[in-house]
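Asks: Please find the sequence and the predicted model below.
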Amino acid sequence: MAFTLEELAGRFGGEVVGDPAQRVGSLAPLDQAGPQQLAFLANPKYLAQVETTRAGAVLISPDDLAKLVSRGARNFIVTPNPYAYFARVAQAFIDLAAPKLQPGVHARASVDPTAKVAATAVIGPNATVEAGAVIGENVRLDANVFVGRGTRIGAGSHLYPGVAVYHGCRIGERAIVHAGAVIGSDGFGFAPDFQGEGDARTGSWVKIPQVGGVAIGDDVEIGANTTIDRGAMADTVIETCVKIDNLVQIGHNCRIGAYTVIAGCAGIAGSTTIGKHCMIGGAVGIAGHVTLADYVIVTAKSGVSKSLTKAGIYTSAFPAVDHADWNKSAALLRNIDKLRDRIRALEAALDEKPQGT
């Protein structure tokens, strides 16, 4: 299970510098790679490691190759983006090593007679496919996956164990949904119906039926235990090539623009629209009914309570500091209103003071 450099260049592009017949069978960091391994340089600060690496070949950019003091007898694949090239090669190695599953429906799976399952699909043990569902070509449903009635799973998609996709949802082609993710559960919609005040208050919260679905585009990846709520009336929409990390909550009727990435533990409240090519950091909280423009970056642990209408980087989280320093800052914050009043009083006194005195 190895490739020659010539084979890699033929498949993924790039220029081979050195021996095109050199074979590589796995990937490794520059400082750990051996003669049969492929390494890559994505950060120029590690350039010195290229001159000492034992790797069979190195993925490198033209600019970094030109900076080398000595190439020695080393082999290179020269490409504008070594990191992306590395990712594609890694996928190829995984494809080679992965066991080849036989298409078909496992004996312990439950598939409704009205569901349409492509002959090339793999339906694992204890998976459930309900009435009217459509499972496309080369789809893989691992053990204990649930696909609700009328849901469509596009060609080449892979749902890992324990994924639940409720009724009436659509997942595009080549999607990856990791274990424990839930797609299409009810949005958090309740109408208050209370009378009176205090202890005399009576009534209840009235559930609002969530009759929309979830529409997920092609090439989307959804992390483990992430939840995407169905819309109240219209669909929640995840556009093409969105990448969502583990433990992310996306509320009902949200729209996430194409090529946006969302890091773990982010929470996005209902009816929020996030533009294309955005980056949402870990543990970011976004209020409902706001809009983020294209190319917005929100750094980790920030809170977004209003729309961000211009591209750029936004931060509201306070970075970690020494505990004693934080206590001092907190004391100042508690008294900032008093300091403000004192400054205003001083300014007023200066304004009233006669000129020249």
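Replies: Structure received. Numbers count the residues shown, from 1 in each chain.

Asks: Contact partners for residue 83?
Replies: By C-beta atoms under 8 Å, 6 or more residues apart in numbering, the contact set of residue 83 is 40, 42. Glycine gets a C-beta too; all of them are placed from N, C-alpha and C.

Asks: Enumerate the helices of the stretch 51-200 of the chain by residue range, in sequence order.
Replies: Per DSSP state H, counting those that start in this stretch, the stretch 51-200 of the chain carries helices over the ranges 62-67, 82-97.

Asks: Adding mean pLDDT and distance to residue 327, write those helices out as TSV.
Replies: Formatted as TSV, the helices of the stretch 51-200 of the chain follow (pLDDT from 0 to 100; distance: least, C-beta to C-beta, whole Å):
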stretch	mean pLDDT	distance to residue 327
helix 62-67	96	46
helix 82-97	93	42
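
Asks: got those helices as TSV, with distance to residue 330 columns?
Replies: Shown next, in TSV, are the helices of the stretch 51-200 of the chain (distance: least, C-beta to C-beta, whole Å):
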stretch	distance to residue 330
helix 62-67	46
helix 82-97	41
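
Asks: Spatially central residue for the protein, please.
Replies: By C-alpha atoms, centre = their mean, the chain has its centre lying nearest to residue 244, at 2.3 Å.

Asks: looking at the helices of the stretch 51-200 of the chain, which is buried most?
Replies: The highest average neighbour count among those, using mean count of other C-beta atoms under 10 Å, belongs to helix 82-97 at a mean of 15.

Asks: Work out the gap between that helix and the centre of the chain.
Replies: Relative to the chain's own centre, helix 82-97 is displaced by 19 Å; criterion: C-alpha atoms, centre = their mean, to the nearest Å.

Asks: about what we covered before: so the residue nearest to the centre of the chain bridges to which residues?
Replies: Beta-bridge pairing for residue 244 (DSSP bridges): residue 222, residue 262.

Asks: Was I right to think it contacts residue 221?
Replies: Yes. The criterion here is C-beta atoms under 8 Å, and residue 244 meets it with residue 221 at 6.8 Å.

Asks: Return the residues in contact with residue 21.
Replies: 4-6.

Asks: Could you tell me which of those residues belong to strands?
Replies: Taking DSSP state E as the definition of strands, the contacts of residue 21 contribute residue 4.

Asks: just the buried members of the contacts of residue 21?
Replies: Buried by 16 or more other C-beta atoms under 10 Å: 4-5, out of those.

Asks: Which one, of the helices of the stretch 51-200 of the chain, ends up nearest to residue 32?
Replies: Nearest to residue 32 among the helices of the stretch 51-200 of the chain is helix 82-97 (14.4 Å), distances taken as C-beta to C-beta.

Asks: on that earlier part again, ok, which of the helices of the stretch 51-200 of the chain comes nearest residue 354?
Replies: Among these, if distance is taken as C-beta to C-beta, the winner is helix 62-67, at 67.8 Å.

Asks: So which elements touch that closest one?
Replies: helix 47-50, strand 76-78 (3 or more C-beta pairs under 8 Å, 6 or more residues apart in numbering; DSSP states H and E).

Asks: Pull out the buried residues from the shortest one.
Replies: What it means is strand 76-78. Applying 16+ other C-beta under 10 Å to strand 76-78 flags 76-78 as buried.

Asks: quick one: which of these is nearest residue 18?
Replies: Among those, and counting by C-beta to C-beta, the member closest to residue 18 is residue 76, at 5.9 Å.

Asks: Relative to residue 68, how far out is that closest one?
Replies: Applying C-beta to C-beta, to the nearest Å, the value for residue 76 to residue 68 is 9 Å.

Asks: next one: residue 302
Replies: Taken as C-beta to C-beta, the span from residue 302 to residue 68 is 40 Å.

Asks: any residues touching stretch 48-65, and which ones?
Replies: By C-beta under 8 Å, 6+ apart, stretch 48-65 touches 5, 14, 17-18, 22-24, 28, 30-31, 33-41, 44, 47, 68-72, 74-82, 85-86, 89.

Asks: Enumerate the positions of it that are buried.
Replies: 49-50, 53, 55-61, 64-65.

Asks: Where does the prediction get shaky in the stretch 251-357 of the chain?
Replies: Within the stretch 251-357 of the chain, the stretches with pLDDT under 70 are 355-357.

Asks: mind listing the helices for it?
Replies: Under DSSP H, counting those that start in this stretch, the stretch 251-357 of the chain gives helices at 323-334, 336-352.

Asks: Rebuild those helices as TSV, extending it with distance to residue 200 and mean neighbour count.
Replies: Output for those, formatted as TSV (distance: least, C-beta to C-beta, whole Å; neighbours: other C-beta atoms under 10 Å):
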stretch	distance to residue 200	mean neighbour count
helix 323-334	36	10
helix 336-352	36	9
